[in-house]
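# Provide a 3D model corresponding to the input given below.
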Amino acid sequence: MVLPKIDEVTPLSDEEIAEQILAIKKELFELRLQKVTGQLEKPHLFKHKRHRLGQLLTVERQRQIAAQLETSASETADSAPEPEAAPEPETETETIAAP
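Model prediction:
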């Protein structure tokens, strides 16, 4: 069985990715349960499910970062640059040690 390709994940919508992440996590839980009870017949499925989960989480995170960059770029374009405030002068305070 061939590992799933990332090209199969990228065209999915955000909702579909979230649904698939939940489904794969449930499947991994069921696989772990089968392994503990001795009913697991296909141990290679662990690798395939973890691989797919990694792909889904990667695409989800890439989209989050892209959305953050878009919002920060639009915020900086909308607001004019503010002049920098002068730094406050540092004051020295003396501490009195108790005898």
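# what separates the lowest-mean-pLDDT helix or strand in the chain from the chain centre, distance-wise?
Least confident helix or strand of the chain, by mean pLDDT, DSSP states H and E, is helix 44-78 with a mean of 91. Distance of helix 44-78 from the chain centroid (Cα atoms, centre = their mean, to the nearest Å) equals 6 Å.
# can you pull the buried residues of that helix?
Across helix 44-78, burial judged by 16 or more other Cβ atoms under 10 Å covers 45, 48-49, 52-53, 55-56, 59-60. Using the backbone N, CA and C atoms, a C-beta is placed for each residue, glycine as well.
# which secondary structure elements does that helix contact?
Judged by 3 or more Cβ pairs under 8 Å, 6 or more residues apart in numbering; DSSP states H and E, helix 44-78 is in contact with helix 14-37.
# what angle separates the helix it packs on from helix 44-78?
Relative orientation of helix 14-37 with respect to helix 44-78: 150 degrees, computed using axes from the mean of the first three to the mean of the last three Cα atoms, to 10 degrees.
# how far away is the spatially most central residue of the chain from Gln39?
For the chain, the residue nearest the mean C-alpha position is Arg61 (4.2 Å; Cα atoms, centre = their mean). Distance of Arg61 to Gln39, given as Cβ to Cβ, to the nearest Å: 34 Å.
# before we move on, what about Arg52?
From Arg52 to Gln39 the distance is 22 Å (Cβ to Cβ).
# With Glu30 instead?
Counting by Cβ to Cβ, the gap from Glu30 to Gln39 is 10 Å.
# Could you do Gln55 as well?
Taking Cβ to Cβ, one finds Gln55 at 27 Å from Gln39.
# Then Lys5?
30 Å.
# what's the answer for Ile21, then?
From Ile21 to Gln39 the distance is 25 Å (Cβ to Cβ).
# of these two, who's got more company?
Ile21 (16 against 8; other Cβ atoms under 10 Å).
# Would you mind confirming that the more buried one is in contact with Gln55?
No: taking Cβ atoms under 8 Å as the definition, Ile21 is not a contact partner of Gln55, at 10.1 Å.
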